[in-house]
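Engineer: need the 3D shape of this:
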Amino acid sequence: MTAGAKTIIYPVKDIEKAKALFTELLGVEPYVDEPYYVGFKDAGQDIGLDPNGHSKGLTGPVPFWHVDDIKATLSALLGAGAEILQEPQDVGNGRVVASVKDAEGNQYGLIEDPTT
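Structural biologist: Sure thing, here's the model as predicted:
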């Protein structure tokens with residue numbers, strides 16, 4: 001059902017300071033460097049910095065689980081008591097993301113990449 005939690009998104013208030021910190025921590029330059037998102041790849045993990053994360057309700061780092069079928073996974077999570085935080089949204093190149101929270105308030109993201 002999942003390929004694992006391969007992406008972690010950090011909500012940040014100052015993207016330039018966060019970018020400098022993660023560049024030093026990871027020892028790599030970002031592979032995406034835009035005003036709305038900075039992304040790093042390190043050891044098979046994607047690390048994303050989202051300057052709009054707080055306005056989306058993110059209160060800390062959020063793991064994003066890579067799934068084959070985001071609609072089916074979202075439906076199963078809702079059936080298990082999750083609440084939608086972000087409806088599925090195409091964020092470019094066919095990548096669809098959504099997020100939920102559980103009864104404890106923990107947040108989880110879902111990513112479905114296009115099939116090739």
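
Engineer: can you name every helix or strand that the lengthiest helix in the chain contacts?
Structural biologist: With residue count as the measure and DSSP state H as the assignment, the chain has helix 15-26 as its longest helix. Packing contacts for helix 15-26, counted by 3 or more Cβ pairs under 8 Å, 6 or more residues apart in numbering; DSSP states H and E, involve strand 37-42, strand 45-50. All C-beta spots, glycine's among them, are computed from the backbone N, C-alpha and C.

Engineer: strand 37-42 and that helix, what's the angle between them?
Structural biologist: Here the directions of helix 15-26 and strand 37-42 differ by 0 degrees (axes from the mean of the first three to the mean of the last three Cα atoms, to 10 degrees).

Engineer: tell me the mean pLDDT over helix 15-26?
Structural biologist: Mean pLDDT, computed over helix 15-26, is 97.

Engineer: pull out the buried positions in that helix.
Structural biologist: Across helix 15-26, burial judged by 16 or more other Cβ atoms under 10 Å covers 15, 18-19, 22.

Engineer: can you list the strands that the helix or strand that it is followed by pairs with?
Structural biologist: Next helix or strand after helix 15-26 toward the C-terminus (DSSP states H and E): strand 32-34. In the sheet, strand 32-34 lines up against strand 37-42 (antiparallel) (DSSP bridges).

Engineer: need the contact partners of the partner strand.
Structural biologist: Strand 37-42 has contacts (Cβ atoms under 8 Å, 6 or more residues apart in numbering) with 15, 18-19, 22-23, 26-28, 30-32, 46-51.

Engineer: no more questions from me, cheers.
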